[in-house]
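1. Let's see this in three dimensions:
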Amino acid sequence: MIDFGIFEILNVTDKIKSQIMDGKSSIQIREEAVKEGYKPLIVDGIKKVIEGHTTLEELNKKLLFI
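-> Numbering: from 1, shown residues only. Below you'll find the predicted structure:
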């Protein structure tokens, strides 16, 4: 298999920035981020499994170290 990365990117929009500045919980910030299109690391990893780039076992091994 070819080496590749799995990624998680949080776009800090004005709404998310405001929640951070207001001291909102990480759960509240994550909920807003998901509404705005944020996809957790596991989602990208599973996409790579479905595309045949890796296996669930390999993905699980990598995510245990994060």
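2. from here on, contacts and neighbour counts on C-alpha atoms
-> Noted.
3. Hmm, Ile46 and Ile6 touching each other?
-> No. In this structure, Ile6 is not within contact of Ile46 by CA atoms under 8 Å, at 9.3 Å.
4. which one of those two has more residues nearby?
-> Ile46 (18 against 15; other CA atoms under 10 Å).
5. and the more buried one, how far is that from Thr54?
-> In this view, Ile46 and Thr54 are 9 Å apart by CA to CA, to the nearest Å.
6. what does Lys61 give?
-> Applying CA to CA, the value for Lys61 to Thr54 is 11 Å.
7. Comparing those two, which residue is more hemmed in?
-> Neighbour comparison, Lys61 and Thr54: the larger count goes to Thr54, with 18 against 11 (by other CA under 10 Å).
8. so how far is Asp3 from the more buried one?
-> According to CA to CA, Thr54 stands 9 Å off from Asp3.
9. now swap in Lys35 and tell me
-> Using CA to CA, Lys35 is found at 31 Å from Asp3.
10. pretty sure Gln19 contacts Ile29?
-> Yes. Applying CA under 8 Å, one finds Gln19 in contact with Ile29, separated by 6.4 Å.
11. Need the pLDDT of the residue nearest to Glu8 when sequence neighbours are not counted.
-> Nearest in space to Glu8, with sequence neighbours left out and distances taken as CA to CA, 6 or more residues apart in numbering, is Leu41 at 4.7 Å. Listed pLDDT for Leu41 reads 90.
12. so where is this structure shaky, pLDDT-wise?
-> 1-2, 65-66 (pLDDT under 70).
13. I'm done for today, thanks for sticking with me.
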